[in-house]
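In: need coordinates for the below:
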Amino acid sequence: MQETLGHMNTWTVYLLLLVITIFAAYFCLAVAGFLRKLKLSMSKKKDGKPSLGCLTLLILLTAGIFLFVVFRYLVLYTPFSTDEPIAKITAQQAEAHLGDFKLAVTFIEKGESTHTGNYVIKGQRWLLKGEILHWHRWLSAFGLKKMYRSTHILGQYVTKTNAGARANSYTLIKDDQNALWRTLSSICKALGLVRVKSVSSEAVLPNYRETVFVWISDSGLKMRLNNGQAAAHSGKNGGNKKNDAPETGSAVKKTKPNRYPDHEEAIQR
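Out: Sure, this is the predicted structure:
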């Protein structure tokens, strides 16, 4: 199921959400009709029928909410196999009044680039945060596999350069601002239907000479250096090959400045 959703375009996903919305609207109308019938039945003192209809409606409503939550998770997260690349990152110089350096990030799914973004970082190091989702065992039996998503790109100061220096952060998700979805997600976690684990890469210095690839595995996020494109394609072959490239974290002299993003989201830390 996730493989099919992974190849859907935006309009197809919107269509699915529309169908789910219509389904929910139907239940709302059913509730209104049931309440009218319940009022009439109580006035005529008819016993038995109202309780049976209420139970049926409750079962259907619960099933509708469950299907909505499952599809919502499938849209927000991406399935992955063990050890595959999820992002390609290059560091570039930024002007002093904008930030300390800039990251050009290309996000990867199933070995293919999906979208890109430019992020001006305030800090001496940077790191990527994400989440790994595991389904309950009986849901996994229906073909639902582990999934992930990238959530934040952060800057980090290791030493105090000046009193006013504050690292910034970019949020890559928007559903955390929806109170209804946060409530449904919290209920699913409490019931054990899903288990979400927050993961983070190590904080590294910007590397201006080589491209950094972020890989995901069951244990979390890892960073590897690669001068070519082999790392981006090894995920198609099972992601089992290990690179002999050195670890990231060595900064060198900055190059000429590049274009910068239009805006950024700063947070106090």
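In: quick one: the helices in the protein?
Out: 2-6, 10-43, 49-76, 137-140, 179-191, 230-234 (DSSP state H).
In: least confident of those helices, on average?
Out: Set side by side, the helices of the chain differ in mean pLDDT, and helix 230-234 is lowest with a mean of 36.
In: show me the contacts for the residue lying closest to Trp126 once chain neighbours are set aside.
Out: Closest residue in space to Trp126, ignoring its immediate chain neighbours: Gly155 at 5.6 Å, by C-beta to C-beta, 6 or more residues apart in numbering. Every residue, glycine included, has its C-beta placed from N, CA and C. Contacts were defined as C-beta atoms under 8 Å, 6 or more residues apart in numbering; by that measure Gly155 touches 99-100, 121-126, 167-169.
In: for Ile187, the count of nearby residues, please.
Out: By the other C-beta atoms under 10 Å criterion, the neighbourhood of Ile187 contains 12 residues.
In: if I look at it, how far off is Thr62?
Out: Distance of Ile187 to Thr62, computed by C-beta to C-beta, to the nearest Å: 11 Å.
In: what's the closest of the contacts of Gly155 to Leu193?
Out: The shortest approach to Leu193 among the contacts of Gly155 belongs to Ser169, at 29.4 Å (C-beta to C-beta).
In: from Tyr119, how far out is the closest one?
Out: Distance, Ser169 to Tyr119, by C-beta to C-beta: 10 Å.
In: which of these two has more neighbours?
Out: Neighbours per residue, other C-beta under 10 Å: of Ser169 and Tyr119, the larger number sits with Tyr119, 24 against 20.
In: hmm, which of the contacts of Gly155 is lowest in pLDDT?
Out: Across the contacts of Gly155, the bottom pLDDT score, 84, is held by Gly99.
In: compute the number of surrounding residues for the nearest residue to it once chain neighbours are set aside.
Out: Spatial nearest neighbour of Gly99, excluding adjacent residues (C-beta to C-beta, 6+ apart): Val120 at 3.9 Å. Neighbours of Val120 under the rule other C-beta under 10 Å: 20.
In: pretty sure Val120 contacts Ala104?
Out: No - with contacts defined as C-beta atoms under 8 Å, Val120 does not count as touching Ala104, sitting 10.7 Å away.
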